[in-house]
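Asks: sequence below, structure please.
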Amino acid sequence: MHAVVILLIALPVILWGAELFTNAVEHVGTIFGVSEGVTGSLLAAVGTALPETAIPVLAAFHAGAGQQVAVGAVLGAPLMLATLTMAVMGTAALFSRGFVDSLTPERSGLRRDLSWFLGVFALALLGLFLPLGPIRYGVAAVLVAAYAAYVVVTVRASAGLVALGHGTAASSGLHLLRLRWKRLPGLPYIQLALGLVLILGGAQWFVVGIERLGEAWGISVLTLALVIVPIATELPEKINSVLWIRRRQDTLAFGNVTGALVFQGSILPALGLVLTPWRATPLLVVSMVVTISAVGFLRVCAAGHADIRVYHLLACGLLYAVFFGYLLAP
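Replies: Below you'll find the model as predicted:
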């Protein structure tokens, strides 16, 4: 099947799956009585991070080019989220709210996510310079433990945030209730699973289509993994967050992205340290520095009582342009 046809089929599947998933995850969060931070940073973020987790794991077991795909996919995912995804969210807010409007995610959770990511990803950057052996494996173990601690801290903060009015509230009725299955038990979980299946399946086909285009255009394997593949694997986070931004559910929108950043900045580099060569090259170091710079900028914007503005998110897109300019430089 032609690459363009695959892409034209895969994209609507991802869009439909994302709509079902975001709608269902709001209802699941409401059922459990958890905060929007837990719903966005854990339930939505980990669920939609599955495509970019599966790709490097599978690619790591292929020698040579496959391991380059694995390393590129591991580092390309957080790069895309921290820069281009934030810019896409900013663009969605620009058209619905204006250039200087404030965004109002729950502050403590946002600062926690951004700070946690900066800590674990800096450790992953250090891992690029470590030789293969016990020290690298120890760093991988620390990264996994750090994510486990993040989950515990996020869940513990939930009760207090719910009491302050940050509980998850579904913005609309469950989509499957419009069908004849409305009396089926566990309908929110069925819709959640259906949305996730569509997201994963659509993303997989999107990757196939993009890879075929990359072959036709003669793009290098590492560049393909760093730039092209994350466009597909990060589509779930982009689309879910855009939907929430347009509904003014900013905590869910940001939590979906920043929670995925913490997951991808800890669990994925841990896999890279264990399963791939994970060696420092100028391209990989630049990609990680750009990612850290974008997240660090947002963390500064979220400090104190200053508002996060639409143009702050658009500025993150400029950092992606800097990285892309580096790729094109002779």
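Asks: what's the first helix or strand after the lowest-mean-pLDDT helix or strand in the chain?
Replies: Across the helices and strands of the chain, mean pLDDT, DSSP states H and E gives its lowest value to helix 158-161, namely a mean of 56. Downstream of helix 158-161, the first helix or strand assigned by DSSP states H and E is helix 187-217.
Asks: mind giving me the packing neighbours of the strand or helix carrying residue 251?
Replies: For residue 251, the element it lies in under DSSP H and E is helix 250-275. Packing partners of helix 250-275 (3 or more Cβ pairs under 8 Å, 6 or more residues apart in numbering; DSSP states H and E): helix 36-38, helix 45-48, helix 50-60, helix 65-80, helix 86-97, helix 107-127, helix 134-156, helix 235-246. C-beta coordinates here come from the backbone N, C-alpha and C atoms, glycine included.
Asks: nearest to residue 323, of the ones you listed?
Replies: With Cβ to Cβ as the measure, helix 65-80 is the member of the helices and strands packed on helix 250-275 nearest residue 323 (6.9 Å).
Asks: average model confidence for that closest one?
Replies: Average pLDDT, helix 65-80: 78.
Asks: quick one, it and helix 235-246 angle?
Replies: 10 degrees (axes from the mean of the first three to the mean of the last three Cα atoms, to 10 degrees).
Asks: with adjacent residues omitted, what lies nearest to residue 301?
Replies: Nearest residue to residue 301, sequence neighbours excluded (Cβ to Cβ, 6 or more residues apart in numbering): residue 312, at 4.8 Å.
Asks: my guess is that neighbour meets residue 90, correct?
Replies: Yes: between residue 312 and residue 90 there is a contact under Cβ atoms under 8 Å: 7.4 Å.
Asks: what about those two, which has more around it?
Replies: Ranked by neighbour count (other Cβ atoms under 10 Å), residue 312 and residue 90 place residue 90 first, with 22 against 18.
Asks: roughly how far is the helix holding residue 251 from the heart of the chain?
Replies: 6 Å (Cα atoms, centre = their mean, to the nearest Å).
Asks: contacts for whatever helix or strand comes next after it, please.
Replies: Downstream of helix 250-275, the next assigned helix or strand under DSSP H and E is helix 282-301. Residues outside helix 282-301 that contact it (Cβ atoms under 8 Å, 6 or more residues apart in numbering): 71, 75-76, 78-79, 82-83, 86, 111, 114-115, 117-118, 121-122, 124-125, 128, 222-223, 226, 261, 308-309, 312, 315-316, 319-320, 322-323, 326-327.
Asks: if we go to 6 Å?
Replies: Residues outside helix 282-301 that contact it (Cβ atoms under 6 Å, 6 or more residues apart in numbering) are 75, 78-79, 82-83, 114, 117-118, 125, 308, 312, 316, 319, 323, 326.
Asks: just stretch 140-153 next, same as before
Replies: 116, 120, 262, 266, 267, 269, 270, 273, 274.
Asks: mind exporting the C-alpha coordinates of it to CSV?
Replies: Written as CSV, here are the backbone C-alpha positions of stretch 140-153 (Å, rounded to 0.1, in the frame of the first residue of the first chain):
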residue,chain,number,x,y,z
ALA,A,140,18.9,2.7,34.8
ALA,A,141,17.7,1.3,38.1
VAL,A,142,17.6,4.8,39.7
LEU,A,143,15.6,6.1,36.7
VAL,A,144,13.0,3.4,37.2
ALA,A,145,12.9,4.0,41.0
ALA,A,146,12.5,7.7,40.3
TYR,A,147,9.4,7.2,38.2
ALA,A,148,7.9,4.8,40.8
ALA,A,149,8.5,7.6,43.4
TYR,A,150,6.8,10.1,41.1
VAL,A,151,3.7,8.0,40.8
VAL,A,152,3.5,7.7,44.6
VAL,A,153,3.9,11.4,45.1
